[in-house]
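1. Sequence and predicted structure are below.
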Amino acid sequence: MSSKREGSPWSLKLNTASLVLIPAAIGINYVGKLFASMLKLPLWLDSIGTCLSACMAGPVVGALSGFLTNVIYGLTMDPISTVYGLTQAGIGIAVGLMAWYGHMRKAPGILVAGLVAGLVAVCISTPLNMAFWGGSTGNVWGDAAFAAMGSQGFLASAVDEIIVDLPDKIVVLFITAGIYKVLPKSLISLYQAKDESLD
């Protein structure tokens with residue numbers, strides 16, 4: 001079993017398969033976000049498509065899928081969501097690299113990948129939260145911690161983001177790994193050559 005894929009994780013091949021994968025990933029992100037919103041979950045669940053496309057086709061396609069999700073959401077629902085496309089792009093890159101180097105094969109690696117993706121999201125989103133929302137995230141659990149810390153300052157905003165993003169990305173990565181494992185090998189082969197990183 002190979003521990004990593006061959007070639008470079010930065011190779012960009014926007015073939016027909018990738019061009020179909022990106023809108024599919026955007027749709028999955030939308031469904032996850034809607035599901036979490038309807039059930040009022042303390043999670044976002046809006047990056048499953050981003051992570052899945054990153055695992056399948058690499059960090060570049062993952063970043064594009066994530067970034068375009070927020071651009072489209074920003075154009076149709078909430079304009080400020082567009083800037084969080086940077087967060088989604090960061091998640092796509094982080095997960096794509098973790099998958100490329102074989103960290104999505106077993107539960108410990110998936111957990112680590114979730115923590116890495118969560119920390120990337122925190123590092124990118126916290127300054128955006130400070131700039132646009134005074135530091136809050138809009139998530140009831142995270143904002144409760146933010147309020148408990150005085151509703152001010154970078155540290156309070158970062159804690160707000162950590163409380164939401166770390167659990168969210170861990171859950172998302174385990175969901176992603178579960179989806180990946182049941183995908184037909186013939187489908188996976190459209191994006192990867194000799195890929196066994198999640199097997």
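-> Alright, I've got the coordinates. Everything numeric here is computed off the predicted structure, so don't read it as measured data. Numbers count the residues shown, from 1 in each chain.
2. Can you pull out the low-pLDDT segments for this protein?
-> Judged by pLDDT under 70, the chain has its weakly predicted residues at 1-6, 11-13, 193-199.
3. tell me which residues in the lengthiest helix in it are buried?
-> When the chain is parsed with DSSP state H, its longest helix is helix 154-182. Residues of helix 154-182 classed as buried by neighbour count (16 or more other CB atoms under 10 Å): 156-177, 179-180. Every residue, glycine included, has its C-beta placed from N, CA and C.
4. for stretch 59-75, same thing?
-> With burial defined by 16+ other CB under 10 Å, the residues of stretch 59-75 counted as buried are 59-74.
5. And stretch 10-30, by the same measure?
-> Using 16+ other CB under 10 Å as the test for burial, stretch 10-30 gives 18, 21-22, 25-26, 28-30.
6. In helices, which of those fall?
-> Taking DSSP H as the definition of helices, the buried residues of stretch 10-30 contribute 18, 21-22, 25-26, 28-30.
7. Can I get those residues in JSON lines including distance to Q192?
-> Converted to JSON lines, these look like this (distance: CB to CB, whole Å):
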{"residue": "S18", "distance to Q192": "11"}
{"residue": "L21", "distance to Q192": "12"}
{"residue": "I22", "distance to Q192": "16"}
{"residue": "A25", "distance to Q192": "16"}
{"residue": "I26", "distance to Q192": "21"}
{"residue": "I28", "distance to Q192": "19"}
{"residue": "N29", "distance to Q192": "21"}
{"residue": "Y30", "distance to Q192": "25"}
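8. Quick check: of these, which lies closest to P184?
-> L21 (14.0 Å; CB to CB).
9. give me every residue that touches that closest one.
-> The contact partners of L21, taken as CB atoms under 8 Å, 6 or more residues apart in numbering, are 53, 56-57, 61, 65, 191.
10. Distance check, it against A177.
-> For L21, the distance to A177 (CB to CB, to the nearest Å) stands at 17 Å.
11. one step back: wait, which of the buried residues of stretch 10-30 is closest to Y84?
-> N29 (11.7 Å).
12. which residues does the closest one contact?
-> With contacts defined as CB under 8 Å, 6+ apart, N29 is in contact with 46-50, 65-66, 69, 88.
13. again, but for A117
-> Taking CB under 8 Å, 6+ apart, one finds 47, 51, 91, 94-95, 98, 169, 172-173 in contact with A117.
14. Not including adjacent chain positions, what is the nearest residue to it?
-> Closest residue to A117 apart from its sequence neighbours, by CB to CB, 6 or more residues apart in numbering: K169 at 4.2 Å.
15. my read: that neighbour touches L115, true?
-> Yes - counting by CB atoms under 8 Å, K169 touches L115, with 7.4 Å between them.
16. Going along the chain, name the helices of the chain.
-> Under the criterion DSSP H, helices of the chain are mapped to 16-38, 48-57, 59-76, 85-100, 107-133, 140-148, 154-182, 185-188.
17. Any chance of CSV for these, columns distance to S8?
-> Output for those, formatted as CSV (distance: least, CB to CB, whole Å):
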stretch, distance to S8
helix 16-38, 16
helix 48-57, 13
helix 59-76, 10
helix 85-100, 9
helix 107-133, 19
helix 140-148, 36
helix 154-182, 21
helix 185-188, 18
